[in-house]
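Trainee: Predicted coordinates and the sequence they were generated for:
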Amino acid sequence: MFMHMKISVGICSSFRLLISVIGGGFFDSDRKIVGDNVAVLVSFRGIYADDKDVKKLLSEKYGKLSLSELQENKEYNDVLLETDIGVTVRLQIVYGKLSIGSVRSAFEESVGTRLQKFGGSDNQELLQRFTSQFKDEIKLPQGSIIDLSREPGYVLRTTIEGNDVGSIQSKVLCKSILDLYIGEEPFDKQAREDVKLNLASVLQE
């Protein structure tokens, strides 16, 4: 179920936790959800959305629809991907000896595939701009938090342990990141369905 979240490092208190996943692998070599050659353990911890944005931008169109009508509405299925709503994906390092280079390589594969899906083959420079934010000098001790946040104007901001490591204005990059979790072929299909359900609950308050 959704909940008003407690204030956490790097996430505004107006954001609402749409889904919390405890122990759900993001880059997980056993599940091969990034690639056969990627052996990285990073846990997907949750998706947060800005309560105010959700109600301001979506209530008029979707607020009066029933839950069953929302579930059958194709546009609603893509609403978090396409709409300029503040959203944060939270990841957590669960392997104490993980290098930043491994995370960078995993993103190159997973995000690169989605960029090609949405923007064609001419997005290598955009992918390089994103992955270059994960610089070699950054340390990732066990428990470290990585937040990938879509801010107003389709700006993707990346923070590690609350420290800003970069931001890029790109709608296709924001969409590619979110598609990993709530798109047509997400890492965790049940998490995607839970996000849709909890978003609907917010709209019907």
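Mentor: Yes, it's here. Residues are numbered from 1 along each chain as shown.

Trainee: which secondary structure elements does the helix or strand residue 197 falls within contact?
Mentor: Taking DSSP states H and E as the criterion, residue 197 maps to helix 189-203. Packed against helix 189-203 by the contact rule (3 or more CB pairs under 8 Å, 6 or more residues apart in numbering; DSSP states H and E) you find strand 15-27, strand 42-50, helix 51-62, helix 67-72, helix 74-77, helix 79-82, helix 171-182. Backbone N, C-alpha and C define where each C-beta goes, glycine included.

Trainee: So what touches the fourth one?
Mentor: Spelled out, it's helix 67-72. By CB atoms under 8 Å, 6 or more residues apart in numbering, the residues outside helix 67-72 that reach it are 62, 76, 196, 197, 200, 203, 204.

Trainee: Top of the residues you listed by number of neighbours, please.
Mentor: residue 200 (22 neighbours; other CB atoms under 10 Å).

Trainee: for the helices and strands packed on helix 189-203, which one sits closest to residue 98?
Mentor: Nearest of those to residue 98, taken as CB to CB: strand 42-50 at 7.4 Å.

Trainee: in the protein, which residue is closest to the centre?
Mentor: Nearest to the geometric centre of the chain sits residue 89, at 3.4 Å (CA atoms, centre = their mean).

Trainee: Next up, the contacts around that one.
Mentor: Contacts of residue 89 (CB under 8 Å, 6+ apart): 44, 46, 47, 147, 148, 149, 177, 178, 180, 181.

Trainee: can you check residue 76 too?
Mentor: Applying CB under 8 Å, 6+ apart, the residues near residue 76 are 62, 65, 70, 196, 200.

Trainee: Looking at residue 2 now. What's its pLDDT?
Mentor: Per-residue confidence for residue 2 comes out at a pLDDT of 33.

Trainee: no wait, residue 170
Mentor: 96.

Trainee: Next: residue 137.
Mentor: pLDDT, read off for residue 137, is 94.

Trainee: My reading is that residue 128 lies in a helix. Confirm?
Mentor: Yes: if the criterion is DSSP: H, G, I helix; E, B strand; the rest coil, then residue 128 is within a helix.

Trainee: picking that back up, right, and out of the contacts of residue 76, which lies closest to residue 52?
Mentor: For the contacts of residue 76, the nearest to residue 52 is residue 62 (15.6 Å; CB to CB).
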